[in-house]
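1. sequence unknown, structure follows:
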């Protein structure tokens, strides 16, 4: 009752039942599955919103090798919702994290078989599918389990191949025959595949010379609409480049090529094959990622001047050979691509040679370079030289990330110098750069595990990070 003795009208109905659809949609968008279920019980309108197709277009399912009770519950819940709302799915991502025995891989296989069967019957709009890091060549995958998983995946791709626009099977690690069988499923209902983005990084097992396989080249000839292709260098051959030129020259924009020391990369590729592809695929840009392949002779055989290279990443965190030198690569090889290079990433151990001048000259020679990241033994003044060149307009970087290795236990001196440099160029950094610089002690590195991609992020960073990221000071060490 109010002050005059009149009954007060309830406000809930006018406030929540009449909430605009766009606002209600945003509320449901940010809710988790369980909270959506509870919210759907509020009223009929909210229940109808639960079945809005926009809420279920994207789904990620994570299957952990050592699931806690919480993660197991989340997995069961996510799988149930995929089955219930699977007809709305357009983008599906499946992650398998570190299975450690055959029981878990069997459970994963049975679950995926059920999921693929359900989606194959109800869904006709799936555009994107990502199943990463299956690592099917590991011993935890028994032959029978592996074959059943591949059979169900192949059947699913046969049904969905006409809809899929993006497919990532990164880290599947199959034999050539198995891999080609999976890829051929995409063109089962027609002579060619409509997939435009294909990620085959580590799709085949290590040590396989895929480039010499006629079966692989025949399979790749079924792709006629590729815009982006990611694969390992052990898949590259003159025949593959010829296929891409004939079937995808009008659409191909990006090639991401990974070259690892474990993969065979001794094949000879003619420069004229790359030149022909670049001539017909006029928008093509190639990105190279090298892992533990640092020798100049190997790099020179791979990085041919006819390739329209946009990005190069060279990483090897192992201890350097006293006879190894990075200087020829920086002074003779990489400047060949100064007219096209836009991104450079380095991570190497150069404790036996100083490369500050060579790196600075390389940056100045690449006029299109906007991203530069390096982890190496450098003088702190190297950062100041880059910032001075940026201020003078001699380079046009938008991102500068530097980890300066030092053999001293403490980095106090380097930290003070970096802070002085930052104060000197603060206006430039805040207005133009995504800037992160850290002094990092390598004194304890001999007692640490090798710096592979899996444990690189576990190494403890330096004590002080001085940097600005788009105007915000970073005060805690971060892996960048």
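-> It's in. Keep in mind that this is a model prediction, so the values were computed, not measured.

2. in the stretch 1-150 of the chain, which spans are strands?
-> 58-64, 91-97, 128-132 (DSSP state E, counting those that start in this stretch).

3. note down every partner strand of the second one and its orientation.
-> Meaning strand 91-97. strand 58-64 (parallel), strand 128-132 (parallel) (DSSP bridges).

4. roughly how far apart are the closest residue to residue 365 other than its chain neighbours and residue 372?
-> In space, and not counting its chain neighbours, residue 365 is closest to residue 338: 4.6 Å by CB to CB, 6 or more residues apart in numbering. From N, CA and C alone the C-beta is placed, and that goes for glycine too. Separation of residue 338 from residue 372 (CB to CB, to the nearest Å) stands at 13 Å.

5. looking at those two, which is more packed in?
-> Higher neighbour count among residue 338 and residue 372: residue 372, with 21 against 14, using other CB atoms under 10 Å.

6. contact partners for that one?
-> Contact analysis of residue 372 by CB atoms under 8 Å, 6 or more residues apart in numbering lists 343, 344, 363, 386, 397, 399, 400, 401.

7. likewise for residue 119?
-> With CB under 8 Å, 6+ apart, residue 119 has these contacts: 82, 86, 89, 92, 126, 156, 160.

8. beta-bridge partners for the fourth one, please?
-> So that's residue 92. Under the criterion used (DSSP bridges), residue 92 bridges to residue 59, residue 129.

9. and stretch 301-313, which residues are buried?
-> 302, 303, 304, 306, 307, 308, 309, 310, 311, 312, 313 (16 or more other CB atoms under 10 Å).

10. what's the most distant pair in these?
-> 306 and 313 (20.2 Å; CB to CB).

11. quick one on the thing from earlier: nearest to residue 270, out of the strands paired with strand 91-97?
-> strand 128-132 (33.0 Å).

12. now that closest one: mean pLDDT?
-> Summarised as a single mean, pLDDT over strand 128-132 is 95.

13. buried stuff in it?
-> So, applying 16+ other CB under 10 Å, buried residues of strand 128-132: 128, 129, 130, 131, 132.

14. again with stretch 309-329
-> Neighbour-count burial for stretch 309-329 [16+ other CB under 10 Å]: 309-317, 320, 325-326, 329.

15. strands - which of those land there?
-> 309, 310, 311, 312, 313, 314, 315, 316 (DSSP state E).

16. what separation do you get for the fifth one and residue 345?
-> If I follow you right, that is residue 313. Using CB to CB, we find residue 313 at a distance of 4 Å from residue 345.

17. same question for the fourth one.
-> Here the distance between residue 312 and residue 345 works out to 7 Å (CB to CB).

18. now swap in the last one and tell me
-> Counting by CB to CB, the gap between residue 316 and residue 345 amounts to 12 Å.

19. list the contacts of the residue lying closest to residue 336 once chain neighbours are set aside.
-> Spatial nearest neighbour of residue 336, chain neighbours left out: residue 305 (5.0 Å); criterion: CB to CB, 6+ apart. Applying CB under 8 Å, 6+ apart, we find residue 305 in contact with 271, 336, 337.

20. returning to that earlier point: of the strands of the stretch 1-150 of the chain, flag the one that's most buried.
-> strand 128-132 (a mean of 19; mean count of other CB atoms under 10 Å).

21. sorry, back to before: ok, so of the contacts of residue 119, who is nearest residue 367?
-> Using CB to CB, the shortest approach to residue 367 within the contacts of residue 119 belongs to residue 92, at 41.8 Å.

22. thought residue 59 was touching that closest one, still the case?
-> Yes - shown here, residue 92 and residue 59 form a contact pair, counting by CB atoms under 8 Å, at 5.5 Å.

23. common neighbours of those two, please.
-> residue 82.

24. report the distance from stretch 419-436 to the chain centre.
-> Relative to its chain's centre, stretch 419-436 lies at 29 Å (CA atoms, centre = their mean, to the nearest Å).

25. next, the distance between the ends of it.
-> 12 Å (CA to CA, to the nearest Å).

26. try stretch 89-107
-> 23 Å.

27. contact partners of it?
-> 56-66, 82, 108, 112, 119, 123, 125-134, 140-142, 145.

28. which helix of this protein spans the most residues?
-> Using DSSP state H to define each element, the chain has its longest helix at helix 102-122.

29. next, the residue nearest to residue 196 when sequence neighbours are not counted: phi, psi?
-> Once flanking residues are discounted, residue 196 sits nearest to residue 227: 4.5 Å by CB to CB, 6+ apart. Dihedral pair for residue 227: phi -110, psi -30, per degrees, to the nearest 10.

30. check the burial of residue 227 by counting its neighbours.
-> The burial count for residue 227: 16, using other CB under 10 Å.

31. what does the pLDDT read for it?
-> 97.
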